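Enquirer: fold the following, please.
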Amino acid sequence: MPHLLTHEFVAELSLTGMGLDVLGGCYLAYELLGGKRGPLRTIAQATGYIALFFIGYNIVVGLRYAIVAASGMGILLAIEFRRAAINPTWSRERRATVLLFAFLRGFVLGLAGISIAGPSFGVVFGILSGIGLSISYALGFAPTQDYETKSKPHLSKHKVLASFWRAAVVSVAGMVAGLLPAAETHWVLFGLKLGMAAGTVSAMVSLFSPTIEWWIENLPERRLGVMGVGLILVGMLFQSVQY
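Expert: Numbering: from 1, shown residues only. Below you'll find the predicted structure:
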């Protein structure tokens, strides 16, 4: 066991602990500051989505990419779903917002790419991902078009197609970015791996997002506070490993 406790592993474990502390704090604040009647409802949603994104990205790509990508993607999805719940009609303003969120997701993916593959790769990857996602959203595959609340995980043909197109555009963006003169050859395959991660995570979120929305709507606020305390304690335990 001691040989597994490298400096890098301990640092990653500490970062994970800090993330759990933040997650627990959000749930605790959800109870203390008004619950679903206030803006912290969106924060509680975001923490659930961040956890889903983090699990998927960490399994397929790795911790460093997962921390950046999951944080940004979870927050954006929670805000977008919140807006969709308030204004379910497809107005011109909402269509413009959907395209804006597509580019914001490209920006997040670019930052995540920079964290592990350098600025050149990350900038091109983010720009191309934003363009590709905006095209797929314009064709009818935006996340908010699959917004629903159900107590059980649920997939549909449209959700599967949406996940496929997101995987495709992110794969193309990653492979093109990997062809840059400054990039190493293996980054082309890495770009394909990023697309696989995007598709996997998209499918996971599509499957469980109706349950998360239903859960946030119906879960007693006090129980969220208890969960928050538990997450904080686990986070503190992870951070204590370095000592």
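
Enquirer: buried residues in the strand or helix carrying residue 212?
Expert: Residue 212 belongs to helix 186-218 when assigned by DSSP states H and E. Residues of helix 186-218 classed as buried: 187-188, 190-195, 197-213, 215-216 (neighbour count, 16 or more other CB atoms under 10 Å). Yep, even glycine has a C-beta here, placed from its N, CA and C like the rest.

Enquirer: quick one, strands of the protein?
Expert: Shown for the chain, no strands are assigned by DSSP state E.

Enquirer: that one: helices as residue ranges?
Expert: For the chain, the helices defined by DSSP state H cover 7-32, 40-60, 63-86, 92-117, 119-136, 157-178, 186-218, 221-239.

Enquirer: out of these, the one nearest residue 149 is which?
Expert: Closest approach to residue 149 among the helices of the chain (CB to CB): helix 186-218, 4.2 Å.

Enquirer: quick check: which helices or strands does that closest one pack against?
Expert: Judged by 3 or more CB pairs under 8 Å, 6 or more residues apart in numbering; DSSP states H and E, helix 186-218 is in contact with helix 40-60, helix 63-86, helix 92-117, helix 119-136, helix 157-178.

Enquirer: can we see that at 6 Å?
Expert: Counting contacts by 3 or more CB pairs under 6 Å, 6 or more residues apart in numbering; DSSP states H and E, helix 186-218 packs against helix 40-60, helix 157-178.

Enquirer: which residue is the nearest non-sequential neighbour of residue 203?
Expert: residue 163 (4.4 Å; CB to CB, 6 or more residues apart in numbering).

Enquirer: so what's the one you found up against?
Expert: By CB atoms under 6 Å, 6 or more residues apart in numbering, residue 163 lies in contact with 199, 202, 203.

Enquirer: for the last one, give its distance to residue 43.
Expert: In this structure, residue 203 lies at 25 Å from residue 43, with CB to CB, to the nearest Å as the measure.

Enquirer: next one: the second one
Expert: In this structure, residue 202 and residue 43 are separated by 22 Å, where distance is defined by CB to CB.

Enquirer: quick one on the thing from earlier: helix 40-60 and the helix holding residue 212, what's the angle between them?
Expert: Angle of helix 186-218 versus helix 40-60, following axes from the mean of the first three to the mean of the last three CA atoms, to 10 degrees, is 150 degrees.

Enquirer: now helix 186-218 and helix 63-86, what's the angle there?
Expert: Using the same axes, to 10 degrees: helix 186-218 against helix 63-86 is 40 degrees.

Enquirer: for the record, mean pLDDT for helix 186-218?
Expert: For helix 186-218, mean pLDDT is 81.

Enquirer: residue 177: how many residues sit nearby?
Expert: 27 (other CB atoms under 10 Å).

Enquirer: would you agree it is in contact with residue 122?
Expert: No: contact criterion CB atoms under 6 Å: residue 177 and residue 122 do not qualify, at 7.8 Å.
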